[in-house]
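Chemist: Just need the structure, nothing else, for what follows:
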Amino acid sequence: MQSEPADVRVVLAEDGVLLREGLAGLLARFAFDVVAAVDDAAALHAAVAEHRPDLVITDIRMPPDFSDEGLRAAVELRRADPDLAVVALSQYVELSYAADLLDSGTGGRVGYLLKDRVVDVADFVAALRQVLGGGTVVDPQVIRQLIGRRRDPLASLSPREHEVLALIAEGHSNAAIARRLVVADATVGKHVRSILTKLDLPQTDDTHRRVLAVLTYLRGKP
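Modeler: The predicted model follows:
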């Protein structure tokens, strides 16, 4: 049975102070109980463990790297508790992020919305209630792009992975890419491993696989 809003405990994760406070105020107006409002993925995990919410609303990109920290936290939380309702908010349409979130857990209770959707308060609150009721909500712009996207090997890469692969194609080492993107070397290494896995490249030495990844990238460029 779907919870009434007053019974719904919400953990909100958004690094932007104005949006975080605005969302918290909006939710309170509709009688949702915002038990925690945090600004990074680590705090999100801690808040969920402490408060055991019914619903998590999280930004996809959060500190420290502003890549996919919020998304990864959402996927991990869903896999740990498939009954947890999760709605991810994104500034832009990011198809691979949407697919990762929708593939997490089982049986609905998940949503992927653009932040612009929050402006239409009635639709946003209706989407939250639909997710809480066991449904799946995907922003119409995301659906349009999912239908229209090309079926190519690069479609599964996240925006940050595209960026890393483009820099590999320019001949940059992992260390140089880390300096360019202002992230840790280990973060770049994680992205490179994910790229090679998603492109389903043969298990050869890393140098050869990087070359194959570059060739795949060049073939996929418009």
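
Chemist: CA only for contacts and neighbour counts going forward, please
Modeler: Will do.

Chemist: quick one, domains of the protein?
Modeler: 5-147, 153-220 (automatic domain parsing).

Chemist: What is the burial count for the residue nearest to P159 when sequence neighbours are not counted?
Modeler: Among residues not flanking P159 along the chain, E94 sits closest, at 7.0 Å (Cα to Cα, 6 or more residues apart in numbering). The number of residues packed near E94 is 18, by other Cα atoms under 10 Å.

Chemist: show me what contacts E94?
Modeler: 142, 158-159 (Cα atoms under 8 Å, 6 or more residues apart in numbering).

Chemist: pLDDT at it, what is it?
Modeler: pLDDT, E94: 71.

Chemist: about what we covered before: looking at the domains of the chain, which one has the lowest mean pLDDT?
Modeler: Among those, domain 153-220 has the lowest mean pLDDT, at a mean of 82.

Chemist: what residue lies at the spatial centre of the chain?
Modeler: Residue closest to the average C-alpha location in the chain (Cα atoms, centre = their mean): L71, at 2.9 Å.

Chemist: Verify the contact between that residue and D59 for me.
Modeler: Yes: L71 lies in contact with D59 (Cα atoms under 8 Å); the separation is 7.5 Å.

Chemist: and among the domains of the chain, the most buried is which?
Modeler: domain 5-147 (a mean of 18; mean count of other Cα atoms under 10 Å).

Chemist: Just give me the closest of the contacts of E94 to K190.
Modeler: S158 (12.6 Å; Cα to Cα).

Chemist: Kindly list the main-chain dihedrals of that closest one?
Modeler: Backbone torsions of S158, given as degrees, to the nearest 10, read phi -80, psi 160.

Chemist: And for V87?
Modeler: Torsion angles, degrees, to the nearest 10, at V87: phi -120, psi 120.

Chemist: Beta-bridge partners for the nearest residue to it once chain neighbours are set aside, please?
Modeler: In this structure, V87 finds its nearest non-sequential neighbour in G111, 4.4 Å apart by Cα to Cα, 6+ apart. Following DSSP bridges, G111 is listed with bridge partners V87, V137.

Chemist: quick one: contacts for G111?
Modeler: The contact partners of G111, by Cα under 8 Å, 6+ apart, come to 86-88, 102, 127-128, 131, 136-138.

Chemist: and if we set it to 7 Å?
Modeler: Neighbouring residues of G111 by Cα atoms under 7 Å, 6 or more residues apart in numbering: 86-88, 131, 136-138.

Chemist: Which secondary structure state does L128 sit in?
Modeler: The three-state label given to L128 by DSSP: H, G, I helix; E, B strand; the rest coil is helix.
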